[in-house]
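Visitor: Task: produce atomic coordinates for the following.
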Amino acid sequence: MIVELSWRARLWRNITATDDELAAARLPWSAVDPALVAFSWDEAEAGEVTAVIASMVPAGDGGWEDNYRFTTEVTALLAARYGRWACGWHWAVGEGGGGGVVTHWCCEAHSVGRPDVTAAKVVASLLEWRDWLEELAQRFAQLAPPAATAGEDRSWHLERAATRLVTVVMDRTGAECGWYGLCHTVLTWFLSSTGMGAPEARDAVEAAIGGRFTSWTAPPRTLIDAVGEDLATDLTGVRPYRER
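Guide: Next comes the predicted model:
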């Protein structure tokens with residue numbers, strides 16, 4: 001059963017306390033891994049959810065506070081129905097969206113409008129975000145070091161994974177404002193998917209990237225390679241071997 005509209009009042013009272021839980025960048029991989037969180041979608045589901053979201057859109061003369069409240073309420077609504085992974089639905093490309101990958105949504109100022117159009121954007125963004133998570137899961141599985149590898153071999157696999165994932169994020173975000181935040185998250189999720197604890201994964205990624213990536217700047221290949229090598233070396237204690 002879909003979350004009832006009467007739940008909105010209770011939902012808003014709890015928003016402040018659950019802000020951290022509704023931030024996609026702070027989610028552990030276990031909360032977003034498609035293999036762990038099923039998602040069923042069909043025409044009936046789409047119609048029902050779209051109708052509820054359309055009813056939540058603020059009036060046309062609503063200000064930024066109303067629009068922000070709408071986005072936050074929708075995030076909580078989707079997370080309650082589908083799981084916390086859904087809170088990334090509005091992590092959009094560019095400054096307004098926080099440097100994410102979603103393209104169907106921009107920001108409250110440019111995306112909130114007519115109820116039917118706004119609701120359609122939310123649904124399209126949710127599905128786009130889910131597709132991204134499923135793509136990441138496939139890439140993680142392909143790039144994960146084989147269980148038996150160690151030393152230089154494991155270091156090589158980790159370096160390759162890091163450089164490829166950084167490149168994917170850079171391409172998908174256009175290296176626009178704040179893109180490196182998603183890069184941090186994706187690399188942390190990847191390491192978590194290999195069995196590393198989330199705090200250790202975050203620390204390793206932060207040590208490798210630091211402030212080396214900046215907004216509106218696509219890093220050169222040499223820098224991407226350096227980040228990958230530093231991450232792999234820090235985690236394994238040895239530099240990756242070089243293919244001949």
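Visitor: Helices of the chain, residue ranges please.
Guide: 7-13, 29-32, 43-56, 64-82, 108-111, 115-143, 151-173, 179-193, 198-209, 221-236 (DSSP state H).
Visitor: Nearest to Gly100, out of those?
Guide: Checking the helices of the chain against Gly100 by CB to CB gives helix 179-193 as the closest, at 5.5 Å. Where C-beta positions appear, they are placed from N, C-alpha and C, glycine not excepted.
Visitor: Summarise which helices and strands that closest one is packed against.
Guide: helix 29-32, helix 115-143, helix 151-173, helix 198-209 (3 or more CB pairs under 8 Å, 6 or more residues apart in numbering; DSSP states H and E).
Visitor: Buried residues, the shortest one. List them.
Guide: Applying a neighbour-count criterion of 16 or more other CB atoms under 10 Å, one finds Trp29, Ala31, Val32 buried in helix 29-32.
Visitor: mind giving me the domain split of this protein?
Guide: Recorded structural domains for the chain (assignment: automatic domain parsing) are 7-134, 145-236.
Visitor: returning to that earlier point: can you put the helices and strands packed on helix 179-193 in JSON lines and add distance to Thr236 and mean pLDDT?
Guide: Below are the helices and strands packed on helix 179-193 laid out as JSON lines (distance: least, CB to CB, whole Å; pLDDT from 0 to 100):
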{"stretch": "helix 29-32", "distance to Thr236": "20", "mean pLDDT": "96"}
{"stretch": "helix 115-143", "distance to Thr236": "15", "mean pLDDT": "98"}
{"stretch": "helix 151-173", "distance to Thr236": "4", "mean pLDDT": "97"}
{"stretch": "helix 198-209", "distance to Thr236": "11", "mean pLDDT": "97"}
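Visitor: In TSV, list those helices along with distance to Ala79.
Guide: TSV is the format used below for these (distance: least, CB to CB, whole Å):
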stretch	distance to Ala79
helix 29-32	10
helix 115-143	11
helix 151-173	23
helix 198-209	19
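Visitor: and Pro240, which of those is closest to it?
Guide: Pro240 sits nearest to helix 151-173 of all the helices and strands packed on helix 179-193, at 3.9 Å, using CB to CB.
Visitor: what's in contact with the closest one?
Guide: For helix 151-173, the surrounding residues in contact (CB atoms under 8 Å, 6 or more residues apart in numbering) are 93, 99-101, 132, 139, 143-146, 149, 179, 182-183, 186-187, 190, 208, 218-219, 224-225, 227-229, 231-233, 235-236, 238-241, 243.
Visitor: Roughly how far does Gln105 sit from Trp189?
Guide: To be clear, residue 105 is Trp; Gln isn't right here. Taking CB to CB, to the nearest Å as the measure, Trp105 and Trp189 are separated by 21 Å.
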